[in-house]
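**Q** Sequence first, predicted model second:
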Amino acid sequence: MAYGPAPESSAEARDWIKTRSVIPHFIGGKFPAPEGETTEVYNPATDEVLTRVALGTEAEVDAAVKAARAALPKWTALAGHERATYLYALARHVQKRERFLAVLETLDNGKTIRETRDIDIPLVARHFYHHAGWAEMIESDFPGLSPVGVCGQIIPWNFPLLMLAWKVAPALAAGNTVVLKPADLTPLTAMAFAEICVEIGLPAGVVNIVQGDGATGAALAGHSDVNKLAFTGSTDVGRVLRRQLAGSGKRLSLELGGKSPFIVFEDADLDAAVEGVVDAIWFNQGEVCCAGSRILVQEGVAERFFAKLDARLQTLRVGDPLDKTMDMGAVVSRKQLARITALLAQGEAEGATLRRAPVILPETGAFCAPGYFSGTAPAHTVSQTEIFGPVATTLTFRTPDEAVTLANDTRYGLSASVWSENINRAIETAAAVKAGVVWINATNIFDAGAPFGGMRESGFGREGGRLGMLEYLTRPQIARKPRLEPSAPDIAPFTGKADRPAIDITAKLYIGGKQVRADGGQSYTVMGKNGAIGQAAMANRKDIRNAVEAAAKAGGWGGVTAHNRAQVLYFLAENLEQRRAEFVAALTAAGTPKPGDEVEAAIRRAFWAAAQADKFDGSVTATKSRHVTMTVNEPFGVMGIVAPDEAPLLGLLALILPAVAMGNRVVAVASQSHPLVGARLYQVLETSDVPAGVINLVTGERDVLAKTLAEHDEVAALWYCGSASGAAMVETASVGNLKPVWAETGVRDWQTPDPDLLRKATQGKTIWIPYGA
Ligand code: NDP
């Protein structure tokens, strides 16, 4: 049976475009004429020029940020319910315009009308509804938190209006105002959205849109009055932004690229898995950050699976995206097509075989035949690089362990799709893959209530659900005193014994459960309020690497029950209590103002962390029909901690204990000025059943050690308490692996336990499980 054409009318959208010869900015509720240059906007399916779009200048970015700043106080002051009514109005208006917006998006991006009509635009409306709900509940569900301020948001071209909704809805619900920059390839639906903002009477300046290219994005990211930047796009630009924002104190969330595994076990429903591939890599022309772009199939079923996949490939239809019978439309631009084509040629040159659907592509437009590579090896460029087009790589595996090893053999960690009829196998694999989102017997499904985001070089931060809201909320900022710099350490050769007058201790390092000498054999003199009080080991890069290795080996800690971790922490509290007098004396010698209070707070903090170990839980969310979505709080793995000088005991433990309670192992740098206080913990750790390698403590020059921790690939997240220049240094040093870095440059009150420290000891993994009839 042949399909007849079933075109969707584009008349209304084209009429709308005709009356807009340039897509302008939306600033302070108005559409000012662009000051700078403009560029053409194409329909990638036909190569026709649809209109032009403004390329925002620095002055226009500045005007938009000023408008957002001016609108902020009133918007923030609105009751949650009032903001909810605006978000609800946005949702309703998007719904009323669903067909128009779907056609506009298809014309601009090249994706099929089936996808814009059935997926993108309904999800846009869903996001505004969902976040109208969070706005309504803000006072009850996020007590004590306030909006971050003016949020800069930069989005890509692959889901233009949907990415806008993912960014704008939570920001507004939380009481922020925004300046959003769409991709210059796809500006149309953002403009239509701006018009909806005017129609619903959204106060001027709450949403501002500056059209433009990368330079406009860079100006927005660099604007000094932006409090937070949220970015979705390539890992390369994510790195540029991480570097650009280093030391600025701006909050940053990055949703970057992926090379996500699609794992088919021999007990999978193979027909369902083949349909899964269609949704994984041929959905949206493969221009999906979480596309299942590496298909891993268990050897025993590989032949049958690929036979079925080949058969399915024959039936794919590629062509006019406005035709409702098409499976795939055009890729976003000829430039993107050239990029994909070059990567495919490279895959073939490296020895892989490219199998493609036997489609006749339209003569005009940027069309790309879908397919997959066979004969790819893990080291091939196409196995490691995001193609961002409709072609997957394939590999086979023998055992579930091998599947997980292959799945994790990537620098990314955005998503994974697991196919198996065996619930144990599916869940075990979901737990073992390094990915922020895992679909079991499904792929590429999304919901506003399900947090989405990556691990490793796929970025950090979550969008959607409660975790997504927290990205746009903060504790009210209390002006903090900047931290004083510790004095440069006075280095003496390490003799291993007390060798100076009035010195009663020479502390070593604590690595892998043992007290060890510093690799360089050096120590430094520690000053108390009345002069030298001892020496501490001067760790170097090698010591940090040894400590990270010890921590990496202690991976079993993340697998023990939360109850077991709590028991160890209670025991640690008990042992701290036994040595209370010793710590009071050490803090007194260090010159701490209220040593007794600090020790008391440290003991209580250990109790608090023990209590939280089995209570700081994830969530279970009702998302799509026949699915339940759970978000588990996974530990990062190895965390780096650079402790503050103020509160040398409490500050150190306030960061270590939540991390360890959540299942991380830590490499902590004790206060540079008061390292002997931290060093006294060695014996507490030795007697508290803390497994070797779970807590490693080093002493030495704060920023030298912090830099090594920031650069180390095995360190998955980093706390840095130090100076402003040190914060800029560690954030820059983390560009290579894009780990989350939390830098505290002001003197903090460590007395009150902060649940935010538990959240920053975990990363949400969202697991979609089939559930219900
Ligand atoms: P980019 O990361 O370059 O673009 C994403 C957004 O960032 C766009 O709005 C872009 O503007 C903007 N931008 C570009 N440079 C800067 C900068 N220096 N500072 C601030 N903002 C900037 O993606 P591309 O469009 O270039 O696509 C290249 C590749 O990136 C794709 O082939 C794909 O592999 C990957 N990608 C991944 C996405 C994801 O969701 N993970 C989404 C899009 C792309 P403008 O486009 O207007 O120049």
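**A** Yes, it's here.
**Q** and the closest residue to residue 433 other than its chain neighbours, which of the three is it?
**A** Spatial nearest neighbour of residue 433, chain neighbours left out: residue 416 (4.3 Å); criterion: CB to CB, 6 or more residues apart in numbering. For every residue, glycine as well, the C-beta is placed using N, CA and C. Following DSSP: H, G, I helix; E, B strand; the rest coil, we place residue 416 in the strand state.
**Q** okay but residue 416 is in contact with residue 259, surely?
**A** No: with contact defined as CB atoms under 8 Å, residue 416 does not reach residue 259; the gap is 10.6 Å.
**Q** Now for the two: what residues contact both?
**A** Shared contacts of residue 416 and residue 259 (CB atoms under 8 Å, 6 or more residues apart in numbering): none.
**Q** What is the burial count for residue 100?
**A** 16 (other CB atoms under 10 Å).
**Q** Please identify which helix or strand holds it.
**A** Assessed by DSSP states H and E, residue 100 sits inside helix 98-109.
**Q** Which elements pack onto the helix or strand just after that helix?
**A** Later in the chain than helix 98-109, the nearest helix or strand by DSSP H and E is helix 113-115. Counting contacts by 3 or more CB pairs under 8 Å, 6 or more residues apart in numbering; DSSP states H and E, helix 113-115 is packed against helix 98-109.
**Q** Do the helix it packs on and the ligand come into contact?
**A** No: Helix 98-109 stays clear of the ligand (CB under 6 Å from any ligand atom), getting no nearer than 11.5 Å.
**Q** Roughly how far does the residue in the chain that the ligand sits nearest to sit from residue 314?
**A** Closest approach of the chain to the ligand (CB to the nearest ligand atom) occurs at residue 217, with a separation of 2.3 Å. According to CB to CB, to the nearest Å, residue 217 and residue 314 sit 41 Å apart.
**Q** between these two, who's got more neighbours?
**A** residue 217 (27 against 9).
**Q** Test my guess that that one contacts residue 154.
**A** Yes: the pair residue 217 / residue 154 is scored as a contact, 4.7 Å apart, by CB under 8 Å.
**Q** overlap in contacts of those two?
**A** Counting by CB under 8 Å, 6+ apart, the contacts common to residue 217 and residue 154 are residue 181.
**Q** quick check, residue 354 in a helix?
**A** No: if the criterion is three-state DSSP, then residue 354 is strand and not within a helix.
**Q** what about it, how many residues close to it?
**A** The local packing of residue 354 (other CB under 10 Å) involves 17 other residues.
**Q** So what pairs up with it in the strands?
**A** Beta bridges link residue 354 to residue 373 when assigned by DSSP bridges.
**Q** who's in contact with it?
**A** For residue 354, the contact set (CB under 8 Å, 6+ apart) comprises 344, 347, 348, 371, 372, 373, 391.
**Q** taking those one by one, which sit in strands?
**A** Within those, residues falling in strands by DSSP state E are 371, 372, 373, 391.
**Q** The closest residue to residue 136 other than its chain neighbours is in what secondary structure piece?
**A** Once flanking residues are discounted, residue 136 sits nearest to residue 84: 4.1 Å by CB to CB, 6+ apart. In this structure, residue 84 sits in helix 80-96 according to DSSP H and E.
**Q** circling back to that earlier point, the residue nearest to residue 136 reaches residue 130, doesn't it?
**A** No: between residue 84 and residue 130 there is no contact, the gap being 11.0 Å when judged by CB under 8 Å.
**Q** For residue 228, what are phi and psi?
**A** Geometry field for residue 228 lists phi and psi as phi -140, psi 150, criterion degrees, to the nearest 10.
**Q** Check whether it really touches residue 154, as I assumed.
**A** No: between residue 228 and residue 154 there is no contact under CB under 8 Å: 11.7 Å.
**Q** So if I had to pick from these two, which one is more boxed in?
**A** Counting neighbours by other CB under 10 Å for residue 228 and for residue 154 shows that residue 154 has the greater number, 26 against 23.
**Q** Dig out what the more buried one forms beta bridges with.
**A** Listed beta-bridge partners, residue 154: residue 181, residue 231 (assigned using DSSP bridges).
**Q** Name all residues that make contact with it.
**A** When contacts are counted by CB under 8 Å, 6+ apart, residue 154 touches 180, 181, 217, 220, 221, 229, 230, 231, 232, 233, 241.
**Q** Excluding covalently adjacent residues, which one is nearest to the spatially most central residue of the chain?
**A** In the chain, the centroid-proximal residue (CA atoms, centre = their mean) is residue 460; its distance is 1.8 Å. For residue 460, ignoring the flanking residues on the chain, the nearest one in space by CB to CB, 6+ apart is residue 740 at 4.2 Å.
**Q** Return the distance of the one you found relative to residue 554.
**A** In terms of CB to CB, residue 740 sits 21 Å off from residue 554.
**Q** cool, residue 134 as well?
**A** Separation of residue 134 from residue 554 (CB to CB) stands at 38 Å.
**Q** Who has more neighbours out of those two?
**A** Taking neighbours as other CB under 10 Å, residue 134 and residue 554 compare with residue 134 leading, 26 against 22.
**Q** Taking the contacts of residue 354, tell me the two that lie furthest apart.
**A** 348 and 372 (12.7 Å; CB to CB).
**Q** Between the two, which has more neighbouring residues?
**A** When residue 348 and residue 372 are compared for neighbours, residue 372 comes out ahead with 25 against 14, by other CB under 10 Å.
**Q** residues from the protein in reach of the ligand?
**A** So far as CB under 6 Å from any ligand atom goes, the chain lies against the ligand at 154-158, 181, 183-185, 213-214, 217-218, 221, 232-234, 237, 240-241, 256-257, 289, 339, 386, 388.
**Q** again, 5 Å this time
**A** Counting by CB under 5 Å from any ligand atom, the residues of the chain close to the ligand are 154, 156, 158, 183-184, 213-214, 217-218, 233-234, 237, 240, 257, 289, 386, 388.
**Q** among those residues, which are in strands?
**A** residue 154.
**Q** Give me the buried subset of the residues of the chain next to the ligand.
**A** 154, 156, 158, 183-184, 213, 217-218, 233, 237, 240, 257, 289, 386, 388 (16 or more other CB atoms under 10 Å).
**Q** what sits against the closest residue to residue 293 other than its chain neighbours?
**A** Leaving aside its sequence neighbours, residue 293 sits nearest to residue 392 (CB to CB, 6+ apart; 5.1 Å). Counting by CB under 8 Å, 6+ apart, residue 392 makes contact with 262, 277, 280, 281, 286, 291, 292, 293, 294, 295, 372, 373.
**Q** let's see 6 Å
**A** By CB atoms under 6 Å, 6 or more residues apart in numbering, the contact list for residue 392 reads 281, 293, 295, 372.
**Q** swap in residue 109?
**A** Counting by CB under 6 Å, 6+ apart, residue 109 makes contact with 186, 332.
**Q** re earlier: switch the contacts of residue 154 over to JSON lines; also include pLDDT and distance to residue 589.
**A** Shown next, in JSON lines, are the contacts of residue 154 (pLDDT from 0 to 100; distance: CB to CB, whole Å):
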{"residue": "180", "pLDDT": "99", "distance to residue 589": "54"}
{"residue": "181", "pLDDT": "98", "distance to residue 589": "54"}
{"residue": "217", "pLDDT": "98", "distance to residue 589": "52"}
{"residue": "220", "pLDDT": "98", "distance to residue 589": "50"}
{"residue": "221", "pLDDT": "98", "distance to residue 589": "46"}
{"residue": "229", "pLDDT": "98", "distance to residue 589": "44"}
{"residue": "230", "pLDDT": "98", "distance to residue 589": "46"}
{"residue": "231", "pLDDT": "98", "distance to residue 589": "47"}
{"residue": "232", "pLDDT": "98", "distance to residue 589": "51"}
{"residue": "233", "pLDDT": "98", "distance to residue 589": "52"}
{"residue": "241", "pLDDT": "98", "distance to residue 589": "45"}
